[in-house]
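Student: Sequence plus the predicted model coming up.
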Amino acid sequence: MAKSATDTMQEIIFSAIIDSVVALKEASKGVPNALLRDLNSVHPNTTIADLPAPVQNAIAESVRQAFIRLRKEGYTVADAASVQPPRPPSTPRPPRPGGPAGDSRRRPAPRPGRPPGR
């Protein structure tokens, strides 16, 4: 059974977080105070440039692996400009009054001197 996009994305994000935490530990070189300092420096306004180089590299590798995995799972990854929005399904229109199945009052009367139906 194929995985849903949600399951695939959850696995990708979980893997990226674990890789980043491991890289953060490596960046502290086993010094608990340095690890604590690095963790405390992370806040909602942190940019990738604020993170230690091993964490930046881990994030870059996680992004590459995420795109590879999405393609392996059969998903298409493209920029928004190259993707056309899906067309709505065409619905049959109701017959118009007086159309081929409508009443005969709208049909022109036969010409005099000609047989009907020609």
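Tutor: The structure has been received and is ready for your questions.

Student: for the chain, what are the low-confidence residue spans?
Tutor: 1, 98-110, 114-118 (pLDDT under 70).

Student: need the contact list for the residue positioned nearest the centre of it.
Tutor: What sits nearest the mean C-alpha location of the chain, by C-alpha atoms, centre = their mean, is residue 77, with 7.8 Å. By C-beta atoms under 8 Å, 6 or more residues apart in numbering, the contact list for residue 77 reads 67, 70, 71. Every residue, glycine included, has its C-beta placed from N, CA and C.

Student: Now, of these, which are buried?
Tutor: Among the contacts of residue 77, those scoring as buried are residue 70 (criterion: 16 or more other C-beta atoms under 10 Å).

Student: So which of the contacts of residue 77 are in strands?
Tutor: Of the positions in those, not one sits in strands, assigned by DSSP state E.

Student: closest to residue 9 among the contacts of residue 77?
Tutor: residue 70 (8.5 Å; C-beta to C-beta).

Student: any chance you could map the helices in this protein?
Tutor: Secondary structure of the chain (DSSP state H): helices located at 5-27, 32-40, 53-72.

Student: Could you export the ones you listed to JSON lines, including columns for distance to residue 112?
Tutor: Output for the helices of the chain, formatted as JSON lines (distance: least, C-beta to C-beta, whole Å):
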{"stretch": "helix 5-27", "distance to residue 112": "70"}
{"stretch": "helix 32-40", "distance to residue 112": "98"}
{"stretch": "helix 53-72", "distance to residue 112": "74"}
